[in-house]
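Student: Need a 3D model of the following:
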Amino acid sequence: MGMAESIDRLVGAPVLVFGSPPPGGRDLDLLARPDEERVLAEWLAGQGFLERGGEWVRFRECRVASLDLAPLSTWGLPEAAASALFEEARAIPGFERLVRPAPRHLLLILARRLAEGDGRMPYKHRKRIADALAEDPSAWEGARASAPEWRASRALASLDRAYHSGGGASRLARASALAEWPFGQGRTRRRALVRGWQAARRADRRRHGQLITFSGLDGAGKSSQAEALRETLEQLGWETTMQWVRLEWTTLWENRWLGVIGWPARASLGLLSRARPSDGEGPGPGLTPTAVRERSGFVANVWVTIVALAHASAQRREVRPHLRRGAVVICDRYTLDAAAHLRFRYGERRPFRFQIGLVRRLSPRPLRGYFVDVPPETAYARKAEQYSLDDLTRQAELYREESARLGAHKIDGERPREDLCAEIAEDVWRAL
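Tutor: Okay, here's the model as predicted:
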């Protein structure tokens, strides 16, 4: 039995589904009167759901169940308007107690949601408006008649403009709507508008996305956890994107500018090698860029600084555009991996503190950074492709050293995958 069916059997009076009705909705958005709200809250807590700001979620294995439960009192409706909302509600096929709003009430609900959000109107809201108008062509007129009672006249006008123009609602339009509700009570019009403007600005700032990173040895299981988190966040309504920023691929192999920068040095070293006198016993040791870096701390530090700057630029380039449009960016490898591999490639005995600090400071800062720690033997058994067991053992030590310095959240990658999925998902959900 699904959650909607369980709730339908549990409650003794109608509960309004003000989001997408089942079975088509991703989750449930419910408006309940006091008795039903209390019953539902107790039942959800008993089922292992966690609550934050009216959102109830339960993380099990690598899946999530969620719903939003709003008490009727939080909508601030007069008694007559609240009664009409439930009395005019329409049945949802297959359910007895779960009902959906009448078309005119749906427009008022969506108007408030547009005002409280960041001004963008998603496609699903446009479709719900179109469906409501198809069901009741006079829905706009009915909504306008009820808007003063809902204190949503400005919000409804803003919704009307956004729907018919194909755009969204400006910050000023949203501030004006919020000044009517919820900030209009007990305030002068000017003070209410100021509060509305502040709230609309905060909503705009929430458009900026967040960054979550996973680091660890090849075979640690970080890609599996990153993908599980992406699926969970999308089920919770977050826009997500996955990015891969591996030092070798993103910077050393795909960055043509490193080749351009390094060409003069390689050419000079080649001339010097050919110019060296031979002792008659065959060629001497090669004077290669790698050999020079190994012998000279100065040369190594200069080159690693160049690589660090290039990699920081690559991480910014891969991540920032998605953050600006408000997505949650999940990175498979990030600064911790770059730090460990810079030292692995260019000198484990050299800390490269300055260069690693450059990568950290110039890259977008993660909201959460996870280090999936496994023994090198486990990683080798899972993925014996690129590195030997000895390589992985050396890398594991570097990862552990750098994770402590960079403040990564260390998790045991040998725990069951499903347990880690739930732990990480809950941690990220609480942080977002």
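
Student: buried stuff in the longest helix along the chain?
Tutor: Identified as the longest helix of the chain according to DSSP state H is helix 297-324. The neighbour-count check on helix 297-324 (16 or more other CB atoms under 10 Å) flags 300-301, 303-304, 307-308, 310-315, 318-319, 322-323 as buried. Where C-beta positions appear, they are placed from N, C-alpha and C, glycine not excepted.

Student: and it, what does it pack onto?
Tutor: Contact partners of helix 297-324 among helices and strands, from 3 or more CB pairs under 8 Å, 6 or more residues apart in numbering; DSSP states H and E: strand 210-215, strand 240-244, helix 256-275, helix 289-295, strand 328-332, helix 335-346, helix 353-362.

Student: List the contacts of the one helix or strand Trp56 maps to.
Tutor: Under the assignment given by DSSP states H and E, the secondary-structure element containing Trp56 is strand 55-60. The set of residues external to strand 55-60 that reach it, using CB atoms under 8 Å, 6 or more residues apart in numbering, is 44, 47-50, 64-69, 232, 236, 418, 421-422, 425-426, 429.

Student: Now do whatever helix or strand Val428 lives in against strand 210-215, angle only.
Tutor: If you go by DSSP H and E, Val428 is part of helix 417-431. Here helix 417-431 points in a direction 150 degrees away from that of strand 210-215 (axes from the mean of the first three to the mean of the last three CA atoms, to 10 degrees).

Student: ok, Ala339 to Ser223 distance?
Tutor: If you measure Ala339 against Ser223 using CB to CB, to the nearest Å, the figure is 19 Å.

Student: again with Ser6
Tutor: 35 Å.

Student: ok, of the contacts of strand 55-60, which come out buried?
Tutor: Among the contacts of strand 55-60, those classed as buried by neighbour count (16+ other CB under 10 Å) are 44, 49, 64-69, 232, 236, 421-422, 425-426, 429.

Student: one step back: the helix or strand just after the strand holding Trp56 packs against which elements?
Tutor: Stepping forward along the backbone from strand 55-60, the first helix or strand reached (DSSP H and E) is strand 63-71. With contacts defined as 3+ CB pairs under 8 Å, 6+ apart, the packing partners of strand 63-71 are strand 28-32, helix 34-46, strand 55-60, helix 222-235.

Student: Can you say which of these is packed in most?
Tutor: For the helices and strands packed on strand 63-71, the stretch with the most neighbours on average is strand 28-32, a mean of 23; neighbours defined as mean count of other CB atoms under 10 Å.

Student: Can I get it in CSV, CA atoms only?
Tutor: Once side chains and other backbone atoms are set aside, the C-alpha atoms of strand 28-32 remain, and they are given as CSV (Å, rounded to 0.1, in the frame of the first residue of the first chain):
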residue,chain,number,x,y,z
LEU,A,28,2.2,14.8,-1.3
ASP,A,29,1.5,18.4,-0.3
LEU,A,30,-1.3,18.2,2.3
LEU,A,31,-3.4,20.9,4.0
ALA,A,32,-5.1,19.5,7.1
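
Student: which pair in the buried residues of helix 297-324 spans the largest distance?
Tutor: With distances taken as CB to CB, the most widely separated pair in the buried residues of helix 297-324 is Ala300 and His322, at 33.8 Å.

Student: which one of the buried ones among the contacts of strand 55-60 is nearest His164?
Tutor: Nearest to His164 among the buried ones among the contacts of strand 55-60, with distances taken as CB to CB, is Asp68, at 28.0 Å.

Student: domain ranges for this structure?
Tutor: Here the domain parsing of the chain from automatic domain parsing is 3-205, 210-271+286-431.

Student: Can you list the low-confidence ranges for the stretch 301-432 of the chain?
Tutor: Residue ranges of the stretch 301-432 of the chain with pLDDT under 70: none are present.

Student: burial of Ala431, as a residue count?
Tutor: Using other CB atoms under 10 Å, Ala431 has 10 other residues around it.

Student: so where's the stretch 101-250 of the chain shaky on pLDDT?
Tutor: Counting by pLDDT under 70, the stretch 101-250 of the chain shows low-confidence ranges at 248-250.

Student: just the helices in it please.
Tutor: Listed from the start of the chain, the stretch 101-250 of the chain has helices (DSSP state H, counting those that start in this stretch) covering 103-116, 123-135, 139-150, 153-165, 171-180, 189-205, 222-235.

Student: Make JSON lines out of those helices and add distance to Val245.
Tutor: Formatted as JSON lines, the helices of the stretch 101-250 of the chain follow (distance: least, CB to CB, whole Å):
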{"stretch": "helix 103-116", "distance to Val245": "35"}
{"stretch": "helix 123-135", "distance to Val245": "31"}
{"stretch": "helix 139-150", "distance to Val245": "48"}
{"stretch": "helix 153-165", "distance to Val245": "37"}
{"stretch": "helix 171-180", "distance to Val245": "34"}
{"stretch": "helix 189-205", "distance to Val245": "26"}
{"stretch": "helix 222-235", "distance to Val245": "12"}
